[in-house]
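Q: generate a structure from the sequence data that follows.
(chains A and B, ligands or ions: 3)
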Amino acid sequence: MKDSYDVIIVGGGPAGTTAARHAAMGGAKVLVLEKDREIGVPVRCGEAVDHEGLAPFIQPDKKFIASEIRSFKLIAPDGTVVKPNIEGLGYVLDRKVFDYELARIAADEGAEIVTKAYVDGVEKRDGTVTGVTVQYQGNRLKLRSKIVIGADGVESRVGRWAGIDTTVSMHDMESAAQVTAANIDVEQDTCCFYFGERYAPGGYLWVFPKGNKTANVGLAVAADRSKQKHALKFLEEFMEEMYPNAAVLTKLAGGVPCAETLEKITMPGLMLVGDAAHQVNPVSGGGIISGMIAGKIAGSVAAEVARSNDMNLLGRYEKEWRDSLGIRHHRYYGIKKVIYKFRDSELNSIAAEISKLPEKDQTLGALFKQAVVKHPLLILDVMKLFFA
Amino acid sequence: MIEIHEEKCDLCGCCVGVCPENCIDMTESRISIVDAICTSCRKCEWACPFEVFKFKNDKVRLKATA
Ligand SMILES: Cc1cc2nc3c(=O)[nH]c(=O)nc-3n(C[C@H](O)[C@H](O)[C@H](O)COP(=O)(O)OP(=O)(O)OC[C@H]3O[C@@H](n4cnc5c(N)ncnc54)[C@H](O)[C@@H]3O)c2cc1C
Ligand code: SF4
Ligand code: SF4
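A: Numbers count the residues shown, from 1 in each chain, chains lettered A, B, ... in the order given. Ligands and ions are numbered 1, 2, ... in the order given. Reported below is the predicted structural model:
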């Protein structure tokens, strides 16, 4: 570790390492600081992505793909199953290996990566972020950089230290719990989503297969609706009811900022990317691909800023993000506000109508029509969101 | 008064994300609250998926306004 870089990235998740890769490709001297002792560990994720989102960043490879997904099941509170006819391919990843791969690629481009390095503050001069302070091997070091990229996930403290309010509202924070379970019978090419108050108020429950009778079973509850009963309790009850013979291989907690992108994602000397910037699909909670999309833009722009010393270029990151995904997330956020108002009885009756149709007619269009009868809501859009 | 049941904590950061005062510290191995800044708003308690926080009394400590 040196004491000065062009670009310092805090956080070695997909957003951070993708930013590192593209900043290094742009010729910048790049350092990634990660507080955990290993990149990719612990995994805090359902690990589902779509092929189209993934392929531009990394060649899909068996070594980090646990299963290929070809269909969905949507399950209403009363158990009615809708199996929408969906084109396209998805994957459940093995994120431990996946995150490692992303870091390796960044390193191949020349980025330096240091683990067990806990950033505890940012340095500022005249309103410009000029570096970070990091606790490393018993010392507290001051490191300088032209640009700091906060890719520190849901905690998003880098932004706050610098003066950007990154707090997630209780309404938008999804409080999550997940197990990776073995010895459970699930279709290996199907992702299941359970909706309704009984499973996950203000969120949903997922079962994503990972091969050999294992799966990620998790759920997320809106934080403002989990006062009485916390996410883990919901999950334990579901496991007991559905998979009493499962063995739990790992159990994890998590928070997902299902909000709109922060209004401010840059300031002189600083950019925020990924969960730290609230760049998560607000309906599905998916943030791997969107974090990488933001990381790519931010990394490229950071390299240009480092080359030219022109902080005005930071606006380009803001603009490119908003023009690509930001604007879509804004629309999805509107949809989210509507779907989470559905009551269980309404979800049941939508599902009941759809499930009467022959399977080939259980299309998103049909789902959409039913939903519109119940609510003026574009559920078609909603379902597309899960893998788009 | 907050009790922190550290043994239950999974270091996921959800509480840190909702804390309006940015007074929860989370290193690779530990979570802690800077008491002097905490307003006892209880958001961390509600947001935590694993029920790590327990508030002992409901009285909200108001932040001193200078
Ligand atoms: C239960 C759950 C299920 C999910 N399921 C899916 C899914 O199926 N599909 C999907 O696309 N998304 C899913 N997500 C969301 C997805 O995991 C995140 O959006 C994604 O990981 C965000 O990437 P990131 O790089 O922004 O942040 P992260 O992956 O969170 O990485 C941030 C990194 O920063 C490090 N860090 C934080 N603070 C510091 C510090 N002070 N100093 C040094 N390092 C620091 C952290 O240790 C961490 O490694 C899920 C999330 C949860 C919680
Ligand atoms: S939300 Fe709960 S489990 Fe997660 S870091 Fe905070 S105290 Fe620990
Ligand atoms: S009670 Fe409120 S202010 Fe105190 S640590 Fe929890 S969230 Fe932060």
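
Q: look up which helix or strand the most centrally placed residue in chain B falls in, please.
A: In chain B, the residue lying closest to the centroid (CA atoms, centre = their mean) is B:C44, at 4.7 Å. Here B:C44, judged by DSSP states H and E, is contained in helix B:43-47.

Q: what's that helix packed up against?
A: Applying 3 or more CB pairs under 8 Å, 6 or more residues apart in numbering or on different chains; DSSP states H and E, we find helix B:43-47 packed against helix B:14-18, strand B:53-55. Placement of C-beta: from N, CA and C, glycine included.

Q: that one vs ligand 1: in contact?
A: No. Using CB under 6 Å from any ligand atom, helix B:43-47 stays clear of ligand 1, coming no nearer than 12.2 Å.

Q: send me that helix as CSV with only the CA atoms.
A: Only the C-alpha atoms of helix B:43-47 are listed here, as CSV (Å, rounded to 0.1, in the frame of the first residue of the first chain):
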residue,chain,number,x,y,z
LYS,B,43,-34.9,2.5,14.2
CYS,B,44,-32.0,0.1,14.5
GLU,B,45,-34.0,-2.1,16.8
TRP,B,46,-36.9,-2.3,14.4
ALA,B,47,-34.8,-2.8,11.3
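
Q: tell me how many other residues crowd residue 7.
A: No chain specified, so I'll use chain A. 28 (other CB atoms under 10 Å in any protein chain shown).

Q: you looked at the wrong chain, it should be chain B
A: Neighbours of B:E7 (other CB under 10 Å): 6.

Q: does stretch A:30-43 reach ligand 1?
A: Yes. Contact of stretch A:30-43 with ligand 1 (CB under 6 Å from any ligand atom) involves A:L33, A:E34, A:K35, A:D36.

Q: the third one against B:T27, yeah?
A: The one in question is A:K35. Yes. Using CB atoms under 8 Å, A:K35 is in contact with B:T27, at 6.6 Å.

Q: between these two, which one's more packed in?
A: A:K35 (23 against 13).

Q: any idea which helix or strand carries that one?
A: With DSSP H and E as criterion, A:K35 is part of no helix or strand.

Q: so is the closest residue to it other than its chain neighbours in a helix, a strand, or just coil?
A: What sits nearest to A:K35 in space, not counting adjacent residues and going by CB to CB, 6 or more residues apart in numbering or on different chains, is A:Y118, at 4.3 Å. At A:Y118 the chain is in strand, as set by DSSP: H, G, I helix; E, B strand; the rest coil.

Q: and A:V148, by the same measure?
A: Following three-state DSSP, the label given to A:V148 is strand.

Q: residues in contact with it?
A: Contacts for A:V148 (CB atoms under 8 Å, 6 or more residues apart in numbering or on different chains) come out as A:7-10, A:122, A:129, A:131-132, A:158, A:162, A:269-271.

Q: distance of it from A:V7?
A: Distance check for A:V148 against A:V7: by CB to CB, to the nearest Å, it reads 8 Å.

Q: neighbours around B:R30, how many?
A: Using other CB under 10 Å, B:R30 is surrounded by 11 other residues.

Q: torsion angles phi and psi at it?
A: phi -150, psi 150 (degrees, to the nearest 10).

Q: just checking, it touches B:E7?
A: No. Applying CB under 8 Å as the test, B:R30 and B:E7 come out as separate, 11.6 Å apart.

Q: distance check, A:E320 against ligand 2.
A: 33 Å (CB to the nearest ligand atom, to the nearest Å).

Q: flag every residue of chain A that's near chain B.
A: Residues of chain A lying close to chain B (CB under 8 Å from any CB of the partner chain) are A:35-37, A:42, A:44, A:116, A:118, A:135, A:153-157, A:160-161, A:166-170, A:173, A:175-177, A:221, A:223-224, A:226-227, A:230-232, A:251-255, A:257.

Q: mind checking which of these land in helices?
A: A:R157, A:R160, A:W161, A:A231, A:L232 (DSSP state H).

Q: of all the residues in the stretch 1-150 of chain A, which one is nearest chain B?
A: Nearest to chain B in the stretch 1-150 of chain A, going by CB to the nearest CB, is A:K35, at a distance of 4.8 Å.

Q: circling back to that earlier point, residues contacting the helix holding B:C44, please?
A: Outside helix B:43-47, the residues that reach it (CB under 8 Å, 6+ apart) are A:170, A:173, A:175, A:223-224, A:226-227, A:255, B:2, B:14-15, B:17-20, B:24, B:33, B:53-55.

Q: before we move on, the earlier item: give me the common contacts of A:K35 and B:T27.
A: A:Y118.

Q: residue contacts, residue 29?
A: As the question left the chain open, I've gone with chain A. Contacts of A:K29 (CB under 8 Å, 6+ apart): A:Y5, A:D6, A:V7, A:G110, A:A306.

Q: can you look at chain B instead?
A: Contact analysis of B:S29 by CB under 8 Å, 6+ apart lists B:L11.

Q: which SS class is it?
A: Here B:S29 is recorded as coil under three-state DSSP.

Q: and the residue in chain A that ligand 2 sits nearest to, how far from A:L74?
A: Ligand 2 sits closest to A:A253 of chain A, with a gap of 4.2 Å, by CB to the nearest ligand atom. Distance, A:A253 to A:L74, using CB to CB: 25 Å.

Q: burial check on the nearest residue in space to A:D224 that is not next to it in sequence, number of neighbours?
A: Spatial nearest neighbour of A:D224, excluding adjacent residues (CB to CB, 6+ apart): A:M170 at 3.9 Å. When neighbours are defined as other CB under 10 Å, A:M170 has 19 of them.

Q: my read: A:M170 touches A:A223, true?
A: Yes. Contact criterion CB under 8 Å: A:M170 and A:A223 qualify, at 4.5 Å.

Q: cheers, nothing more for now.
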